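Peer 1: Okay, sequence plus prediction incoming.
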Amino acid sequence: MASPDFDREEFAPFTVNGETYQTWYRVFGEITAGCRPPLIVIHGGPGLSHDYLLPLSDLAATAQVPVVFYDQLGNGRSARLPDKPHTFWSMHLFMDELDNLIAHLGIGEAFDILGQSYGGMLGAQYVVERQPEGLRHLILSNSFASMDLWNQSLAQLAQAFPQDVQEGLRLGISDVQKYEYGLMKFYEVHGCTIQPFPADFSRTFEYAFGDKRDLTVAAAMFPYLQGWTIIDRLHLIKVPTFVVNGRADFAQDFAAQPFFDRIPKVKWLTFENSSHMPFWEERDRYMQEVKNFLELTGP
């Protein structure tokens, strides 16, 4: 039987400009002295929640790796701030939130990071700019080295879809109904090929399109990210790094190539039977590859 601490949900107070908000987080496994460093999982979006990444909790059960999920501020179960102006939201805010969560959990001396999609972009910038001393390994899963590469990859793949799908992707959150239709059709091919979509995947998108919808973060961050790039600073990532994508991923090879070319200690694996979510599509192998990587000796 798992201990009472094996799966727990709590809030971490996070103060910004004198106001305190709540970051929701969930821990699988036990974070105790002498245990393996916990893996912090940074979800994508911007504007989604952690739910679609829950297969990574397998690592706690099968590899004794404590796994920390959290919903970034303004998303999912964390504090919603629909009245905040676009200027409130930035990569620096979310890096501060990650610093705060690490301090709250008391894991600053030893931890690993897995960032998926936009979460990998955030994770890469966090490592480049904050240089966290306790970081042992970095995993950039299905991610992009620049926003221009994101846009290029998405536009290239979208050309193969009917016009109504292309229109929905082009309109984005300016027309939520058309965007949801286009995005889900696109995801059937390049996002998550398991059909019907897994319940945890669908739960994530309920926060974007359902009754709990709050698009504050997406509306602010997508304009903010235009022009974003980490390419010229990737050499500053000194920890061992694992780059992952899928053969049918909308994070195509050319979008991930700069990670491999410029990070000093790097491994790259493409999952041949996956798209953007190999942790669903090739779940067992994905967990084994992550486990193997985390067992590598750190810096």
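Peer 2: Thanks, I have it.
Peer 1: C-alpha from now on. contacts and neighbour counts both.
Peer 2: OK.
Peer 1: any chance you could map the helices in the stretch 51-200 of the chain?
Peer 2: Counting by DSSP state H, counting those that start in this stretch, the segments of the stretch 51-200 of the chain that form helices are 58-62, 91-105, 118-130, 147-158, 163-171, 176-190, 199-209.
Peer 1: Now do the fourth one against helix 163-171: the angle between them, please.
Peer 2: Meaning helix 147-158. 170 degrees (axes from the mean of the first three to the mean of the last three C-alpha atoms, to 10 degrees).
Peer 1: So which bits of helix 147-158 are buried?
Peer 2: 147-150, 152-154, 157-158 (16 or more other C-alpha atoms under 10 Å).
Peer 1: go on, stretch 265-277?
Peer 2: For stretch 265-277, by 16+ other C-alpha under 10 Å, it's 266, 268, 270-271, 274-277.
Peer 1: I'd like the list of those residues that fall within strands, please.
Peer 2: Among the buried residues of stretch 265-277, the members falling in strands (DSSP state E) are 266, 268, 270-271.
Peer 1: any idea which of the helices of the stretch 51-200 of the chain is most buried?
Peer 2: Per-stretch averages of neighbours, counted by mean count of other C-alpha atoms under 10 Å, single out helix 118-130 among those, with a mean of 22.
Peer 1: how many other residues sit next to the closest residue in space to Leu59 that isn't next to it in sequence?
Peer 2: Nearest residue to Leu59, sequence neighbours excluded (C-alpha to C-alpha, 6 or more residues apart in numbering): Val65, at 5.5 Å. Using other C-alpha atoms under 10 Å, Val65 is surrounded by 24 other residues.
Peer 1: who's in contact with Val65?
Peer 2: 29, 36-39, 59 (C-alpha atoms under 8 Å, 6 or more residues apart in numbering).
Peer 1: Quick check: it vs Phe111, distance?
Peer 2: Distance of Val65 to Phe111, given as C-alpha to C-alpha, to the nearest Å: 10 Å.
Peer 1: Name the residues contacting each of these two.
Peer 2: 37-39.
Peer 1: Tyr286 contacts Pro278, correct?
Peer 2: Yes: in this structure, Tyr286 is within contact of Pro278 by C-alpha atoms under 8 Å, at 6.5 Å.
Peer 1: So these two - more neighbours on which side?
Peer 2: Pro278 (27 against 20).
Peer 1: Check the gap between that one and Trp268 for me.
Peer 2: From Pro278 to Trp268 the distance is 14 Å (C-alpha to C-alpha).
Peer 1: swap in Arg80?
Peer 2: 36 Å.
Peer 1: Then Ala251?
Peer 2: Ala251 is 13 Å from Trp268, by C-alpha to C-alpha.
Peer 1: same check, this time on Tyr179
Peer 2: 32 Å.
Peer 1: Please apply the same query to Val128.
Peer 2: 19 Å.
Peer 1: Same check on Gly123?
Peer 2: In terms of C-alpha to C-alpha, Gly123 sits 17 Å off from Trp268.
Peer 1: same deal with Gln252?
Peer 2: In terms of C-alpha to C-alpha, Gln252 sits 13 Å off from Trp268.
Peer 1: likewise Phe260?
Peer 2: From Phe260 to Trp268 the distance is 7 Å (C-alpha to C-alpha).
Peer 1: what does Ala208 give?
Peer 2: If you go by C-alpha to C-alpha, the gap between Ala208 and Trp268 works out to 31 Å.
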